[in-house]
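In: After the sequence you'll find the predicted model.
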Amino acid sequence: MNALPALETSTTSAPRKPRVMVLFGGRSGEHAISCVTAGGVLGVIDRDRYDVLAVGITPTGRWVLTSDDPERWAITDGTLPSIEDTDAHVLLPQDVGDREVQVREDGGVPRALGEVDVVFPLLHGPFGEDGTLQGMLELADVRYVGSGVLASALGMDKHAMKVVLTGNGLPVAPYAVVMPGELDRDPQGVLARVAPLGLPLFVKPARAGSSLGISRVDDLADLPAALAEAAQHDPKVLVESAVVGREVECGVLGAPAGGRPRASLPGEIVVSDPEHAFYDFEAKYLGEGGVVLTCPADLGPELTERVRDVAVRTFEAIGCEGLARVDVFVTPDGDVVVNEINTMPGFTPFSMYPRLWQATGLEYPELVDELISLALARPTGLR
Ligand SMILES: Nc1ncnc2c1ncn2[C@@H]1O[C@H](COP(=O)(O)OP(=O)(O)O)[C@@H](O)[C@H]1O
Ligand SMILES: [Mg+2]
């Protein structure tokens with residue numbers, strides 16, 4: 001009556017390779033970039049060492065089995081890749097201690113896909129980089145690359161991030177927060193808090209990325225439109241004083257338990273086209289704005305060390321694990337002001353984070369390998 005399932009009883013077979021679920025796409029505005037990143041990682045992940053399972057998340061949030069062919073995820077003829085909805089619906093393990101991932105096709109009976117040892121979430125923005133996915137993986141007791149729940153959430157929320165950084169003595173630009181509904185309720189109050197920040201201002205959604213919804217405001221008359229634009233991405237909006245300085249980014253890589261995080265050499269971003277008032281979406285991804293990424297940045301030894309020190313302290317203050325890119329402004333006086341931390345930075349082979357590590361002596365494939373190794377060595381739960 002209760003037939004036993006076939007068991008793998010062979011004792012002679014080689015130990016199973018760790019199985020990595022590469023997870024990408026997602027519900028945020030950075031869906032396409034995530035797919036491009038996945039192409040990069042799928043192209044270099046060492047398949048002699050790891051089994052790979054490619055899982056895509058559609059823009060509406062459905063998890064589907066998808067292609068692990070790097071070519072599929074390249075930008076072809078200017079068309080950005082995306083995850084297509086299919087009927088191959090992927091299901092995470094439901095029980096602690098069970099690592100079996102399943103796929104349900106055409107609404108049928110779920111079929112086993114094998115165990116997953118570690119998830120590599122290549123997701124940017126909300127529902128990927130913000131702690132929500134990390135919480136789900138914690139509940140499922142599945143190991144994953146990168147920061148945990150709280151650090152991911154803090155890194156995503158530019159307001160919460162500033163509170164924690166300020167509390168740890170790290171410098172950030174002066175700012176005001178406009179809470180959901182506040183602009184409608186008390187427009188004069190908002191203006192009174194924002195005015196002392198001076199001009200120009202940067203208005204940004206508290207929880208977005210890729211410069212989506214961000215505007216530079218040079219005239220207070222433009223503030224309401226900028227707030228409305230940001231609020232389309234997040235009801236919580238941040239208004240910041242513009243910092244005059246060079247835009248410098250530093251990669252930080254976690255260390256095995258107990259070790260100090262490592263900082264890469266810093267790199268610099270220069271947007272030279274006056275059509276782009278800052279490092280906006282088009283400048284980041286569409287090759288506009290005459291953007292030059294220089295790494296290592298020409299800062300001299302003392303400033304370089306200052307940036308690396310601030311980057312590591314920022315990583316530690318937020319409680320990051322695995323990887324993060326810390327973006328700072330270096331002012332003409334040599335002050336280092338933290339702009340933001342990205343717990344899942346752009347990660348294509350041409351993105352700043354991998355390039356920074358390459359300039360520091362760690363090639364992209366080794367970086368991917370290092371991140372997976374760190375994640376495999378780290379259990380879920382409090383640590
Ligand atoms: N306070 C500021 N002063 C000067 N430039 C800023 C400031 N805030 C943002 N920027 C510009 O806007 C870009 C995007 O802002 P950022 O806060 O990094 O958002 P995102 O998370 O979308 O990358 C920055 O790279 C920089 O060019
Ligand atoms: Mg940024």
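Out: All right, it came through fine. Ligands and ions are numbered 1, 2, ... in the order given.

In: Burial check on the nearest residue to Pro187 once chain neighbours are set aside, number of neighbours?
Out: Leaving aside its sequence neighbours, Pro187 sits nearest to Pro224 (Cβ to Cβ, 6 or more residues apart in numbering; 7.8 Å). Quick note: C-beta positions are derived from backbone N, CA and C, even for glycine. Using other Cβ atoms under 10 Å, Pro224 is surrounded by 15 other residues.

In: element containing Pro224, please.
Out: Here Pro224, judged by DSSP states H and E, is contained in helix 223-231.

In: Can you point out the buried residues in stretch 138-145?
Out: Using 16 or more other Cβ atoms under 10 Å as the test for burial, stretch 138-145 gives Glu138, Ala140, Val142, Arg143, Tyr144, Val145.

In: possible to save the residues you listed as CSV with secondary structure, distance to ligand 1 and pLDDT?
Out: Conversion of those to CSV gives the following (DSSP: H, G, I helix; E, B strand; the rest coil; distance: Cβ to the nearest ligand atom, whole Å; pLDDT from 0 to 100):
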residue, secondary structure, distance to ligand 1, pLDDT
Glu138, helix, 25, 94
Ala140, helix, 28, 91
Val142, coil, 27, 93
Arg143, strand, 27, 96
Tyr144, strand, 22, 97
Val145, coil, 20, 98
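
In: In a markdown table: those residues, plus distance to Val118.
Out: Putting these into a markdown table (distance: Cβ to Cβ, whole Å) gives the following:
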| residue | distance to Val118 |
| --- | --- |
| Glu138 | 13 |
| Ala140 | 12 |
| Val142 | 7 |
| Arg143 | 5 |
| Tyr144 | 6 |
| Val145 | 7 |
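
In: tell me the two of the residues you listed that are most distant?
Out: Greatest spacing in the buried residues of stretch 138-145, by Cβ to Cβ: Ala140 and Val145 (15.0 Å).

In: OK, contacts around the closest residue to Gly146 other than its chain neighbours?
Out: Counting by Cβ to Cβ, 6+ apart, Gly146 lies nearest to Gly322, which is 4.0 Å off, once chain neighbours are set aside. Gly322 is in contact with Val145, Gly146, Ser147, Leu253, Gly254, Leu371, Leu374, Ala375, counting by Cβ atoms under 8 Å, 6 or more residues apart in numbering.

In: Next: Tyr144.
Out: With contact taken as Cβ under 8 Å, 6+ apart, Tyr144 is in contact with Val118, Val119, Phe120, Pro121, Gln134, Leu137, Ala375.

In: Okay, it and Asp87: tell me how far apart.
Out: Using Cβ to Cβ, to the nearest Å, Tyr144 is found at 26 Å from Asp87.

In: how many neighbours does the nearest residue to Val330 once chain neighbours are set aside have?
Out: Among residues not flanking Val330 along the chain, Arg246 sits closest, at 4.7 Å (Cβ to Cβ, 6+ apart). By other Cβ under 10 Å, 18 other residues sit near Arg246.

In: same deal with Gly148?
Out: Neighbours around Gly148, by other Cβ under 10 Å: 23.

In: I figured it hits Thr343, correct?
Out: No: with contact defined as Cβ atoms under 8 Å, Gly148 does not reach Thr343; the gap is 9.4 Å.

In: Name the SS class of the most centrally placed residue in the chain, please.
Out: The chain has Met344 as the residue nearest its centroid, 2.1 Å off, counting by Cα atoms, centre = their mean. Secondary structure, DSSP: H, G, I helix; E, B strand; the rest coil: Met344 is coil.

In: same deal with Ile372?
Out: Under three-state DSSP, the three-state class of Ile372 is helix.

In: Could you do Pro379 as well?
Out: Three-state assignment for Pro379 (three-state DSSP): coil.

In: same thing with Asp130?
Out: Under three-state DSSP, Asp130 comes out as coil.

In: ok, and the closest non-adjacent residue to the closest residue to ligand 1 within the stretch 1-150 of the chain?
Out: Closest residue of the stretch 1-150 of the chain to ligand 1, Cβ to the nearest ligand atom: Gly125 (8.8 Å). Counting by Cβ to Cβ, 6+ apart, Gly125 lies nearest to Ser28, which is 3.1 Å off, once chain neighbours are set aside.

In: How about Pro365?
Out: Nearest residue to Pro365, sequence neighbours excluded (Cβ to Cβ, 6+ apart): Val44, at 4.1 Å.

In: That neighbour is in contact with Glu366, isn't it?
Out: No: using Cβ under 8 Å, Val44 is not in contact with Glu366, being 9.1 Å away.

In: The two: who's more crowded?
Out: Each of Val44 and Glu366 has its neighbours counted (other Cβ under 10 Å); Val44 has more, 17 against 14.

In: Which pLDDT value goes with the more buried one?
Out: Looking at Val44, its pLDDT is 96.

In: so what's the residue nearest to Met352 when sequence neighbours are not counted up against?
Out: With sequence-adjacent residues excluded and distances taken as Cβ to Cβ, 6+ apart, Met352 is closest to Glu249, at 5.3 Å. Counting by Cβ under 8 Å, 6+ apart, Glu249 makes contact with Pro266, Gly267, Glu268, Ile269, Arg325, Val326, Asp327, Val328, Met352, Tyr353, Leu356.

In: Go ahead and confirm the residue nearest to Gly125 touches Leu123.
Out: Yes: applying Cβ under 8 Å, one finds Ser28 in contact with Leu123, separated by 7.3 Å.

In: overlap in contacts of these two?
Out: Common neighbours of Ser28 and Leu123 (Cβ under 8 Å, 6+ apart) are Ser34, Glu129.

In: what about the stretch 1-150 of the chain, any weak spots by pLDDT?
Out: For the stretch 1-150 of the chain, applying pLDDT under 70 flags the ranges 1-13.

In: can you pull out the helices in it?
Out: 31-44, 132-140, 149-156 (DSSP state H, counting those that start in this stretch).

In: Can you lay out the ones you listed as TSV showing distance to Arg260?
Out: Below are those laid out as TSV (distance: least, Cβ to Cβ, whole Å):
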stretch	distance to Arg260
helix 31-44	26
helix 132-140	23
helix 149-156	16
